[in-house]
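1. here is a sequence with its predicted model. Questions after.
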Amino acid sequence: MRKRFLGIFLSTGLMLAQAGFLQAAEQDSMKVTLLGTGTPILNVNRFGMSTLVEAGKHKLLFDTGRGASIRLHQLQVPLRDIDAVFITHLHSDHITGLPDLYASAPLPTDDGRSTRALALIGPKGIDNVARGIELMFTENNHIRLTGKETNPDATRIADRTLPDEGGVVYDKDGVKVTAFLIDHGHVKPAYGYRIDYAGRSVVLSGDTTYAPNLVTQAKGVDLLVHCISVGSRQLEKAHPAYVNHFYEYLANPEKVSQILSETRPRDTVFSHISLYSKGDIGRASEEEITSRVRSGYDGPFVIGQDLMSFTLTAQGVVREPYDARTRQQEPVK
């Protein structure tokens, strides 16, 4: 009998230890999910640019393009759980989802019930964005407050302007976010972000062509989320001026290949995927994109899709199983 109890005790202790180990491992990991991989061009499969980074207990949103709140809903991540929103630059496709996030987070729904101001961090001019959204929803907020469907704190946006040269802009519970200047042509300032936590690191390039700051920040990171701009070889030959205009401020496959060769991240995923066409010349295929990047880079990379996820652990980067059908599905509860 004593042996039986001892066995039960040891077995229970082992299960508790394993559970504790798994919980600790989960707390020490980072997860990156592409909410939107698109551009200003309307696309039912590629929503506006937005990336969710989960580090420990922190949930950070980087850019809030069209449909970001819908994608969070599909992930079953309540809007109230977003600790801060970071904006790379003020092009429309990076901020059009902000009004929806602001207005929906306080609602008395499963996704909402936020009781705090939306923390918003971005480049010069982000205060205008914040005040504009607050003004836009003045009457809505009055109605919601009267009906006890929101609270005064949740009607505010606590905005903060990034330092001109970037730097550490978020540092809590071991989660550190560093902003750095990139090269988005005439769009100035524009920033990328590096997130560090528990020995893991991810860099979000923002919209950029080759930028020395990006190369410095991304060397050897676990995961690099990088933009890519592609006109097919046929289009480049037929309309060089048209395509080169975009390549002046967004990296084409050859430039991306150069950046990856110089940084050598453990894994790379492309987002903000700009595909150009003109007249009867269609967009480049994924096969062409892959072959052009692969011609100058032998490391791992994948063309991103909305709702793709990557988990960063001590053992490496795990690409989570992906099914494109989830982009059109209501989450299962």
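-> Perfect, I can see it now.
2. export stretch 240-247 to CSV, keeping only CA atoms.
-> What follows is stretch 240-247 as a C-alpha-only set of coordinates in CSV (Å, rounded to 0.1, in the frame of the first residue of the first chain):
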residue,chain,number,x,y,z
PRO,A,240,11.0,50.0,-66.1
ALA,A,241,10.2,53.6,-64.9
TYR,A,242,6.8,52.4,-63.4
VAL,A,243,8.4,49.6,-61.4
ASN,A,244,11.6,51.4,-60.4
HIS,A,245,9.5,54.1,-58.8
PHE,A,246,8.3,51.6,-56.2
TYR,A,247,11.8,50.0,-55.8
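3. wait, doesn't residue 89 sit right on residue 185?
-> No: assessed by Cβ atoms under 8 Å, residue 89 is found out of contact with residue 185, at 10.7 Å. C-beta here means a position set from N, CA and C on the backbone, and glycine is covered the same way.
4. compare those two (neighbour count), which wins?
-> A side-by-side neighbour count of residue 89 and residue 185, using other Cβ atoms under 10 Å, places residue 89 first with 23 against 15.
5. list the contacts of the more buried one.
-> Residue 89 is in contact with 122-123, 184, 187, 189-191, 206-207, counting by Cβ atoms under 8 Å, 6 or more residues apart in numbering.
6. just among those, which is most surrounded?
-> With neighbours defined as other Cβ under 10 Å, the most crowded of these is residue 206; it has 30 neighbours.
7. quick check, that one in a helix?
-> No: secondary structure of residue 206 (DSSP: H, G, I helix; E, B strand; the rest coil): coil, not part of a helix.
8. just give the nearest non-adjacent residue to it, would you?
-> Excluding its sequence neighbours, the residue lying closest to residue 206 (Cβ to Cβ, 6 or more residues apart in numbering) is residue 88, at 3.7 Å.
9. for residue 87, same thing?
-> In space, residue 87 is closest to residue 122, 3.3 Å off (Cβ to Cβ, 6+ apart).
10. again with residue 73
-> Sequence neighbours aside, residue 111 is the residue nearest to residue 73 in space, at 5.5 Å (criterion: Cβ to Cβ, 6+ apart).
11. report how many residues lie close to the one you found.
-> 18.
12. buried ones in stretch 150-159?
-> The neighbour-count check on stretch 150-159 (16 or more other Cβ atoms under 10 Å) flags 150, 154-155, 157, 159 as buried.
13. tell me how far that stretch lies from the chain's centre.
-> From the chain centre to the centre of stretch 150-159 is a distance of 23 Å (Cα atoms, centre = their mean, to the nearest Å).
14. quick revisit: Three-state assignment for the residue nearest to residue 206, please.
-> Here residue 88 is recorded as coil under three-state DSSP.
15. my guess is it meets residue 214, correct?
-> No: between residue 88 and residue 214 there is no contact under Cβ under 8 Å: 11.7 Å.
16. so the two - more neighbours on which side?
-> Between residue 88 and residue 214, counted using other Cβ under 10 Å, the more crowded position is residue 88 (30 against 27).
17. and residue 239, what does it touch?
-> With contact taken as Cβ under 8 Å, 6+ apart, residue 239 is in contact with 231, 278, 281.
18. pick the one among these closest to residue 316.
-> Among those, residue 231 lies closest to residue 316 (Cβ to Cβ), at 33.7 Å.
19. now do stretch 211-219: everything it contacts.
-> 166, 178, 180-183, 192, 194, 203, 205, 208, 224, 259, 262-265.
20. ok, now with 6 Å
-> Residues outside stretch 211-219 that contact it (Cβ atoms under 6 Å, 6 or more residues apart in numbering) are 180-183, 192, 194, 203, 205, 224, 262-263.
21. do stretch 46-57 as well
-> Everything outside stretch 46-57 that qualifies as a contact, by Cβ under 6 Å, 6+ apart, is 27, 30-38, 60-68, 93-94, 96-97, 173, 175, 195, 197, 204, 272, 306.
22. can you select the buried ones from the residues you listed in ChimeraX?
-> Applying 16+ other Cβ under 10 Å to these leaves a buried subset, and the ChimeraX line that selects it is:
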select :30,31,32,33,34,35,36,37,38,60,61,62,63,64,65,66,67,68,93,94,96,97,175,195,197,204,272,306
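23. what about the contacts of stretch 46-57, which are in helices?
-> If you go by DSSP state H, the contacts of stretch 46-57 have 27, 68 in helices.
24. among the contacts of stretch 46-57, name the ones in strands.
-> Of the contacts of stretch 46-57, the ones assigned to strands by DSSP state E are 30-36, 60-62, 175, 195, 197, 204, 272.
25. show me what residue 55 is bridged to.
-> Judged by DSSP bridges, the bridge partners of residue 55 are residue 30, residue 58.
26. and it, how far from residue 197?
-> For residue 55, the distance to residue 197 equals 4 Å [Cβ to Cβ, to the nearest Å].
27. which residues are in contact with each of the two?
-> Common contacts of residue 55 and residue 197 (Cβ under 6 Å, 6+ apart): 30, 175.
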